[in-house]
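Undergrad: Following is a predicted model, sequence given first.
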Amino acid sequence: MARYTGPTTKIARKFGEPIFGPDKYFERRNFPPGQHGLAKKRKKSSEYGTQLKEKQKVKYTYGLLERQFRNLYEKASKMKGIKGENLIMLLESRLDNLVYRMGIAPTRAAARQLVSHRHIVVNGEVNSIPSVLVKPGDVIGVRERSKSLEVIQASLAASANKYSWLEWDANSLSGKFLNVPVRAEIPETINEQLIVELYSK
C-alpha cells in the first residue's frame, strides 16, 4: 500500500510542530518551508483550509491514507460518545501506534514496518497488520526470534513507558493494553473538532 516516504522535516515545518517525533532539523528551521517561509505576512487561511490542515496533520501523525482515515471516522461516528474523541481513541488503539507507544519502535513508521515484517505478536500470535485495532486486555510483544534486533533494543533503551493505559514487562519484552485512553491522556496537540466540522460539511 502507498505510503508517504518523502522528507518528514518538511511536513513537520508545514504544520509548525515536530509531528513525527524529535527532529533536530526542525529545531533549526521551525518555520514553514519554501522561499517565503520566514515572511511574516502570510495569507490568512480560510475556515475550510484550517479544518483540512488539521485533518492532514492527524493523517501524517498516525501514518494513514485518506480512505483508511475516512473509514475510521465513519466507525467513530457510529460509536456512542463524542465523534472527535472516538476517532482519536480508535487511532490510539491501532497496533502500530501501540508498538510505538510501548517504545518497541522509535517512530510510528518504524513500528508499522516491524509489524508488517512479522516481528510483533498479539496474544502470542504473529500479527502483520499494522492497522488492526487492539482490544483492552490484549498483550503485545516482540517475537522470540526478533528480540535481539538492534532497532528494537536501541528503541527500548532510549524510551521510558510513561503511559498509564499501558503496562510493560521488560523481561519478556511485552506489554498489556490496559484500557483505551481518554482524550485528556493523549499528548498529541490535535483539535479533533475541526475534523468533525470538515466531514460534516
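TA: Looks like it came in fine.
Undergrad: Report the separation between residue 199 and residue 87.
TA: From residue 199 over to residue 87 the distance is 10 Å, taken as CB to CB, to the nearest Å. To be clear about C-beta, it is placed using only N, CA and C from the backbone, and glycine gets the same treatment.
Undergrad: Looking at those two, which one has more neighbours?
TA: Comparing residue 199 with residue 87 by other CB atoms under 10 Å, the one with more neighbours is residue 87, at 24 against 17.
Undergrad: And the helix or strand encompassing the more buried one, what does it pack against?
TA: Following DSSP states H and E, one finds residue 87 within helix 83-92. Counting contacts by 3 or more CB pairs under 8 Å, 6 or more residues apart in numbering; DSSP states H and E, helix 83-92 is packed against helix 66-78, helix 95-101, helix 192-199.
Undergrad: Could you look up the next helix or strand downstream of the second one?
TA: So that's helix 95-101. Downstream of helix 95-101 (by DSSP H and E), the next one is helix 108-116.
Undergrad: Tell me which strands the helix or strand following that following helix pairs with, and in which orientation.
TA: Where DSSP H and E defines the elements, the next helix or strand beyond helix 108-116 is strand 120-122. Applying DSSP bridges, strand 120-122 is found paired with strand 125-126 (antiparallel), strand 139-142 (antiparallel).
Undergrad: any chance of these in CSV, plus distance to residue 158, mean pLDDT and mean neighbour count?
TA: Listed next are the strands paired with strand 120-122 as CSV, based on distance: least, CB to CB, whole Å; pLDDT from 0 to 100; neighbours: other CB atoms under 10 Å:
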stretch, distance to residue 158, mean pLDDT, mean neighbour count
strand 125-126, 25, 96, 9
strand 139-142, 16, 97, 21
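Undergrad: Output the ones you listed in TSV, with distance to residue 194 appended to each entry.
TA: Below are those laid out as TSV (distance: least, CB to CB, whole Å):
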stretch	distance to residue 194
strand 125-126	38
strand 139-142	31
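Undergrad: And those strands: which comes nearest residue 53?
TA: Evaluated over those, closeness to residue 53 peaks at strand 139-142, with 32.1 Å, by CB to CB.
Undergrad: which outside residues touch that closest one?
TA: Defining contact as CB atoms under 8 Å, 6 or more residues apart in numbering, one finds that strand 139-142 is touched by 95, 98-99, 102, 104, 119-124, 134, 149, 152, 172-177.
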